[in-house]
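Chemist: Provide a 3D model corresponding to the input given below.
(one chain, ligands or ions: 1)
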Amino acid sequence: MCKRIFILTGAGVSAESGLGTFRDKKGAGIWSRFDPMKLATPEAFARDPEKVHEFYNARRLNLLAATPNAAHVALAALEVALAKRGGHLTLVTQNIDDLHERAGSMNVIHMHGELLKARCVACHRLTLWRRDMSTADACPACGRANALRPHIVWFGEMPLYLKEIFAALNEADMFVSIGTSGSVYPAAGFVAEARALGIRTFEINLERSDNADEFDETRYGRASEAVPDWVAEILMSS
Ligand code: NAD
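Modeler: Below is the predicted model of the structure:
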């Protein structure tokens, strides 16, 4: 049985909770309706902060109305079950939602930031933020006005926790990618890194990802069904 499992999740794990994905092969992703270069870059925020706030305010409202699905719940159960067996689950997500946490996952690494946090560009402190954000808001930590931004890694910015992520990958005996299109680096490169380390690699997705050929095994289906099935198989094999 694999005892040290490294999981990377993407927007597909939250799709059935009602949160749109960015890309899919049918062109229904968020970025087919909005231009990312006008919204999810530091340059866009410098040019028109209220427009960027408006986009993330709408997504925050959407998130607060969403609930975790069976895939989130199964991954939370896997974390507990592996720990009881002396193993460990590293859960890295590209998602900015908090649905893994709400399902019960205790250690989630948000490499692209978190929608329910504000970051102050002056004092760099993070604040939990569940309401609309605007340029009129002052930082609760340092009081500076017009200094808050969503705690999101935008295009052109460095993802978070990469040192911890690669350290965890080095100690894993299985790499599993769930609901991600394999098109955003460096996350899309984790499978190549895992292969180079000799770790077994597995993809669960609705459809083939851009880097599906790099996986030892693949399984296609809705996350809410495919993930609980896979978790049950992993736990049965112990
Ligand atoms: P993506 O939009 O590029 O790809 C989504 C993937 O999920 C596709 O491969 C699609 O086939 C798959 N998918 C769709 N519905 C599914 C389902 N029901 N079950 C299983 N798989 C399903 O998403 P990504 O690869 O995570 O892209 C990375 C970027 O998207 C990140 O920067 C991330 O921050 C951002 N993002 C996050 C959220 C969120 O927080 N919920 C939502 C949209 C985008």
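
Chemist: thought Phe6 was touching Leu169?
Modeler: Yes. Counting by CB atoms under 8 Å, Leu169 is a contact partner of Phe6 at 5.4 Å. For glycine as for every other residue, the C-beta is placed from the backbone atoms N, C-alpha and C.

Chemist: Those two: who's more crowded?
Modeler: Comparing Phe6 with Leu169 by other CB atoms under 10 Å, the one with more neighbours is Phe6, at 25 against 18.

Chemist: Against the ligand, how distant is that one?
Modeler: Applying CB to the nearest ligand atom, to the nearest Å, the value for Phe6 to the ligand is 16 Å.

Chemist: so who does that residue touch?
Modeler: Contact analysis of Phe6 by CB atoms under 8 Å, 6 or more residues apart in numbering lists 90, 92, 168-169, 172, 174-176, 190, 194, 199.

Chemist: Redo those as TSV? Include distance to the ligand and secondary structure.
Modeler: Formatted as TSV, those follow (distance: CB to the nearest ligand atom, whole Å; DSSP: H, G, I helix; E, B strand; the rest coil):
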residue	distance to the ligand	secondary structure
Thr90	17	strand
Val92	11	strand
Ala168	19	helix
Leu169	17	helix
Ala172	20	coil
Met174	19	strand
Phe175	15	strand
Val176	13	strand
Phe190	12	helix
Ala194	17	helix
Ile199	20	coil
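
Chemist: is it possible to export those residues to JSON lines including pLDDT and distance to Ala147?
Modeler: What follows is the contacts of Phe6, written out as JSON lines (pLDDT from 0 to 100; distance: CB to CB, whole Å):
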{"residue": "Thr90", "pLDDT": "98", "distance to Ala147": "33"}
{"residue": "Val92", "pLDDT": "98", "distance to Ala147": "29"}
{"residue": "Ala168", "pLDDT": "98", "distance to Ala147": "33"}
{"residue": "Leu169", "pLDDT": "98", "distance to Ala147": "35"}
{"residue": "Ala172", "pLDDT": "97", "distance to Ala147": "39"}
{"residue": "Met174", "pLDDT": "97", "distance to Ala147": "42"}
{"residue": "Phe175", "pLDDT": "98", "distance to Ala147": "39"}
{"residue": "Val176", "pLDDT": "98", "distance to Ala147": "39"}
{"residue": "Phe190", "pLDDT": "98", "distance to Ala147": "33"}
{"residue": "Ala194", "pLDDT": "98", "distance to Ala147": "39"}
{"residue": "Ile199", "pLDDT": "96", "distance to Ala147": "42"}
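
Chemist: Who are the packing partners of the longest strand seen in the chain?
Modeler: Assignment by DSSP state E gives strand 113-120 as the longest strand of the chain. Other helices and strands packing on strand 113-120, by 3 or more CB pairs under 8 Å, 6 or more residues apart in numbering; DSSP states H and E, are helix 49-65, strand 126-128, strand 148-152.

Chemist: can you map out the helices along the protein?
Modeler: For the chain, the helices defined by DSSP state H cover 36-39, 42-47, 49-65, 70-84, 99-103, 162-170, 190-196, 223-236.

Chemist: how about JSON lines for these, with distance to Ala15 added?
Modeler: Shown next, in JSON lines, are the helices of the chain (distance: least, CB to CB, whole Å):
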{"stretch": "helix 36-39", "distance to Ala15": "18"}
{"stretch": "helix 42-47", "distance to Ala15": "25"}
{"stretch": "helix 49-65", "distance to Ala15": "12"}
{"stretch": "helix 70-84", "distance to Ala15": "9"}
{"stretch": "helix 99-103", "distance to Ala15": "11"}
{"stretch": "helix 162-170", "distance to Ala15": "23"}
{"stretch": "helix 190-196", "distance to Ala15": "20"}
{"stretch": "helix 223-236", "distance to Ala15": "7"}
